[in-house]
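Visitor: Mind folding the following:
(2 chains)
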Amino acid sequence: MTKHTLVALVEDKPGVLNRMASLFRRRGFNIESIAVGHSEVPHLSRMTIVVDGAAAMVEQVRKQLDKVVDVVKVSDITEDDIVARELALIKVKATSSTRSEIIQIVDIFRANIVDVATDSVTIEVTGDEEKINSLFNLLRGFGIKEIARTGCIAMTRGTSGPLPTEKKSPKPKGQKTS
Amino acid sequence: MKMTGAQMLCESLIREEVEVIFGFPGGAVLPLYDTLPQYPQLRHILVRHEQGAVHAADGYARATGKVGVCIATSGPGATNLVTGIANAHLDSVPIVAITGQVARPFIGKDAFQETDITGITLPITKHNYLVLDVASLPRIIKEAFYLARSGRPGPILIDLPRDVQIDQAEFHYPSKVDLSGYKPTLQGHPAQVKKAANLIDEAQRPLIIAGRGVIISKAYAELKQLAEKAQVPVVTTLLGISCFPESHALSYGMIGMHGMAYANLAVDAADLIIAIGMRFDDRATAKVSAFAPHAHIIHIDIDPAEIGKNVRVDVPIVGDAKAVLQELNKLIISARHIDWIQQLDDWRREHPSITIRDSQGLLPQFVIRKIYEVTQGKAIIVTGVGQNQMWAAQHYWYNKPNSLISSGGLGTMGFELPAAMGAKVGCPDEVVWCIAGDGGFQMTIQELATIVQEKLAVKIAIMNNGYLGMVRQWQELFYKKRYVATPLSGPDFVKIAEAYGFSGLRVEHKEEVVPAIQKAMAEEGPFLIDFKIEPEENVYPMVPPGASLAEVLEEPRKERKVVTDSATLPVSNI
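Guide: Reported below is the predicted structural model:
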């Protein structure tokens, strides 16, 4: 069992997520995270799916995902050189005595405090999974009230786009994801 | 020109060259049914249960190669289609199922006869649509038919809310589809085809396993050319039967759980398997880890998701069987595999597999053989699922392309009668025999009324053993003869036929078999024969569950006393 990162370009239509998720559900795969947003192509969305599974099984699912009519292209980029990021919001208990220590940790991680209340602060952090987990572990001692994570979004580094449509359009730079 | 959704649907169906629709009306499709009389070129056949509609569309599609169409209302109408849609999905049959849906404002509110049929059929359709805007309907229908028949064919469902059927919009039927996520690969990769050709040239013991893909792609001539040029023996899967003439010297019958012993031994001994349009189903491969242990495998299939799914493949070729074989045939060199073919012929002599023992009682194998003889092998045979299916596959010899229609992947009892009905609608000039068991026949028996109403001359042979025979066979062999819930009573089938308005005969003795079949053939309309066969007759050969193809069991010798003359396989030198 290894963790696989799949990237898919899909039609922005109702039911697409359901069709894709159904292929994992059928095999009893748990989807660890799934993140969807508009792509650089109008009417197409890009989806990043992280699943845990045996390589052959994941490859079988990938082929079946590719068969879904609304899926333009799907690639397993686990073995590629990729940039993978996730955003997390962490609400942590904070008193006047602990607040400054929390701020220090936040600075070290180049995270941001986006909300402050009398008994808590909310931290926004971006990074790979490991970074977010480390920050989470450091903050745990203060008391975590709530955490929300976007799930991983990923793309291959450099000029090698996994998806054919990227070749047609000019190379997107610093593409936004919503 | 402005049209209602219902009119658009009919106009679109005509543009897709639909001639016949199998359907059952209801509240949510009333606007559509009200519109149908405006389009007399669309023949509507009223079934007695929606499952009959979808199986009939399936039988029609398999027999003609065209897209079969069925209609059901929302809710229970739609859910009654589900088995038939799953059946078509597993056997790659092109059908378009149109379901009514409650009006848009009621969707998602558990309205009367509302069901989420696009959700329910999501994993058993190639694609499905919920139409929320009447203007999108022509595009959706265009796409649906294109998707159903292209690439690896399959069922498409269109869920059409009642108010969309009434809404109006301008009708423009698109000339082509624009589906960026759907581009089936038809041509095999030249480098892969070259590799395959090299393997074929080098092989000492090559074997072709042909599946339904050959039939879908109508690659009969190409398959024959490959087999003859490189002198490669041909075996088939259940659904591949009739893609290669069984009287051909290179034909060695069906493989699998109830395949010919010599065919299974050939798979076990081969050094090269050329798998064409088949998907290594577990009933065909038996124990998959022991499948073709000495062979390289070339797998030709149009569906990339089938490659490497069940067995390791050395040379995958994604493409249409016909196109790939055309290229492959150009590259291979003529060869002879005299020793290998001799070996297969020896096995066929030593393990004849389809002999019929002499018996006082009526044997189903004998009945099927006589149907073959009286129809001169020219009928379309539509089977149920279970023992009757296996006997029909083994003992009728299929020399005519696409002459066996059977539920393979899903194994749907009750398929036989409505599918035979659909086949007869699609091929009115062909002789269509429905080979049923007394169990499966009772599952969709109500379609006899449709057959009579539509004057469809379907000939029905019931292999009546008073058991759910295949399950009983498993209980006999693997559950110490504990026949739990398998003995079953049935009605007097001859009286049933009479009650529905046509004739039938009961046959209990061997000498009555041929006259009864002849009478059925002479009858202008439908005809039913209730064959009272040996109750505990088993299907052999059999590969026990969990065993490999090489461990095939033949009929116990003590039972096989005398081999009748007509039981030797007619091998011609085509």
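
Visitor: For chain B, what's the nearest residue on chain A?
Guide: A:K63 (3.8 Å; C-beta to the nearest C-beta). Every C-beta, even on glycine, is put in place using the N, C-alpha and C of the backbone.

Visitor: near chain B, which residues of chain A?
Guide: Proximity of chain A to chain B, by C-beta under 8 Å from any C-beta of the partner chain, involves residues A:10-11, A:14-15, A:18-19, A:22-23, A:26, A:44, A:56, A:59-60, A:63-64, A:66-73.

Visitor: Which ones among the residues you listed lie within strands?
Guide: A:V10, A:E11, A:L44, A:V71, A:V72, A:K73 (DSSP state E).

Visitor: The helix or strand that contains B:V96 - contacts with which helices or strands?
Guide: Using DSSP states H and E, B:V96 falls within strand B:95-101. Counting contacts by 3 or more C-beta pairs under 8 Å, 6 or more residues apart in numbering or on different chains; DSSP states H and E, strand B:95-101 is packed against helix B:30-35, helix B:50-64, strand B:68-72, helix B:76-79, helix B:82-90, helix B:137-149, strand B:155-161, helix B:162-166.

Visitor: which residue is nearest the middle of chain A?
Guide: A:C152 (1.5 Å; C-alpha atoms, centre = their mean).

Visitor: what's the answer for chain B, then?
Guide: B:S406 (3.5 Å).

Visitor: That one: what's its closest spatial neighbour, skipping adjacent residues?
Guide: Closest residue in space to B:S406, ignoring its immediate chain neighbours: B:T383 at 4.5 Å, by C-beta to C-beta, 6 or more residues apart in numbering or on different chains.

Visitor: ok, back up a step: now that we have the residues of chain A next to chain B, which of them are buried?
Guide: A:10-11, A:15, A:19, A:23, A:44, A:59-60, A:63-64, A:66-73 (16 or more other C-beta atoms under 10 Å in any protein chain shown).

Visitor: Residues of chain B that sit close to chain A?
Guide: So chain B meets chain A at B:118-119, B:122-123, B:126-127, B:130, B:147, B:179-182, B:303-305, B:307-309 (C-beta under 8 Å from any C-beta).

Visitor: Strands - which of those land there?
Guide: Short answer: the residues of chain B next to chain A in strands (DSSP E) are B:H127, B:L130.

Visitor: Report the buried members of the residues of chain B next to chain A.
Guide: For these, buried by 16+ other C-beta under 10 Å: B:118, B:122, B:126-127, B:130, B:147, B:179-182, B:303-305, B:307-309.

Visitor: The residues you listed: which two are farthest apart?
Guide: For these, the farthest-apart pair by C-beta to C-beta is B:L130 and B:G308; their separation is 33.9 Å.

Visitor: what sits against the residue nearest to B:S406?
Guide: B:Q389, B:A392, B:A393, B:L404, B:I405, B:S406, B:S407, B:E416, B:C434, B:I435, B:A436 (C-beta atoms under 8 Å, 6 or more residues apart in numbering or on different chains).

Visitor: so where does A:M155 fall, helix or strand?
Guide: strand A:153-156.

Visitor: Adjacent strands (with direction) for that strand?
Guide: strand A:82-93 (antiparallel) (DSSP bridges).

Visitor: quick one: average confidence on the strand it pairs with?
Guide: For strand A:82-93, mean pLDDT rounds to 96.

Visitor: Residues contacting that strand, please?
Guide: A:5, A:33, A:102, A:114-115, A:119-129, A:132, A:135-136, A:139, A:142-157.

Visitor: What are the buried residues along that strand?
Guide: A:I82, A:R85, A:E86, A:L87, A:A88, A:I90, A:K91, A:V92.

Visitor: Just the CA coordinates for that strand, please, in PDB.
Guide: Provided in PDB are the C-alpha atoms of strand A:82-93 (Å, rounded to 0.1, in the frame of the first residue of the first chain):
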ATOM      1  CA  ILE A  82       6.000  17.400  -8.400                       C
ATOM      2  CA  VAL A  83       5.000  20.400  -6.400                       C
ATOM      3  CA  ALA A  84       2.400  19.500  -3.800                       C
ATOM      4  CA  ARG A  85       0.800  21.900  -1.500                       C
ATOM      5  CA  GLU A  86      -2.000  22.000   1.000                       C
ATOM      6  CA  LEU A  87      -3.700  24.800   3.000                       C
ATOM      7  CA  ALA A  88      -4.900  24.300   6.500                       C
ATOM      8  CA  LEU A  89      -6.800  26.500   9.000                       C
ATOM      9  CA  ILE A  90      -6.000  25.700  12.600                       C
ATOM     10  CA  LYS A  91      -7.900  27.200  15.500                       C
ATOM     11  CA  VAL A  92      -5.800  26.800  18.600                       C
ATOM     12  CA  LYS A  93      -6.500  27.800  22.200                       C
END
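
Visitor: That strand: what's the following helix or strand?
Guide: Trace forward from strand A:82-93 with DSSP H and E and the next one is helix A:99-108.

Visitor: The helix or strand just after that following helix versus helix A:99-108: what angle between them?
Guide: Going down the chain from helix A:99-108, the next helix or strand is strand A:112-116, by DSSP H and E. Angle between the axes of strand A:112-116 and helix A:99-108 is 150 degrees (criterion: axes from the mean of the first three to the mean of the last three C-alpha atoms, to 10 degrees).

Visitor: For chain B, give the residue positioned nearest to chain A.
Guide: B:A305 (3.8 Å).

Visitor: Could you tell me which residues make contact with that residue?
Guide: Contacts of B:A305 by C-beta under 8 Å, 6+ apart are A:Q60, A:K63, A:Q64, A:D66, A:K67.

Visitor: Quick check, pLDDT for the fourth one.
Guide: In the prediction, the pLDDT value recorded for A:D66 is 95.

Visitor: need the contact list for it.
Guide: Contacts of A:D66 (C-beta under 8 Å, 6+ apart): A:K73, A:V74, B:P304, B:A305.

Visitor: what's the spacing between it and B:I14?
Guide: From A:D66 across to B:I14, the span is 34 Å (C-beta to C-beta, to the nearest Å).

Visitor: Equivalent analysis for B:K287, please.
Guide: On the measure of C-beta to C-beta, B:K287 and B:I14 end up 50 Å apart.

Visitor: now the strands: where do they sit in the stretch 351-500 of chain B?
Guide: B:380-383, B:404-405, B:432-437, B:458-464 (DSSP state E, counting those that start in this stretch).

Visitor: List the buried residues in stretch B:404-412.
Guide: Applying 16+ other C-beta under 10 Å to stretch B:404-412 flags B:L404, B:I405, B:S406, B:S407, B:G408, B:G409, B:L410, B:G411, B:T412 as buried.

Visitor: Farthest-apart pair in those residues, please.
Guide: Across the buried residues of stretch B:404-412, no pair lies farther apart than B:L404 and B:L410, at 16.2 Å, counting by C-beta to C-beta.

Visitor: Now do the strand holding B:V96, average pLDDT.
Guide: Per-residue scores along strand B:95-101 average to 98.

Visitor: Listing partners with orientation, what would you give for that strand?
Guide: By DSSP bridges, strand B:95-101 pairs with strand B:68-72 (parallel), strand B:155-161 (parallel).

Visitor: Mind putting the ones you listed into CSV with mean neighbour count, mean pLDDT and distance to B:V513?
Guide: Shown next, in CSV, are the strands paired with strand B:95-101 (neighbours: other C-beta atoms under 10 Å in any protein chain shown; pLDDT from 0 to 100; distance: least, C-beta to C-beta, whole Å):
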stretch, mean neighbour count, mean pLDDT, distance to B:V513
strand B:68-72, 31, 98, 33
strand B:155-161, 27, 98, 38
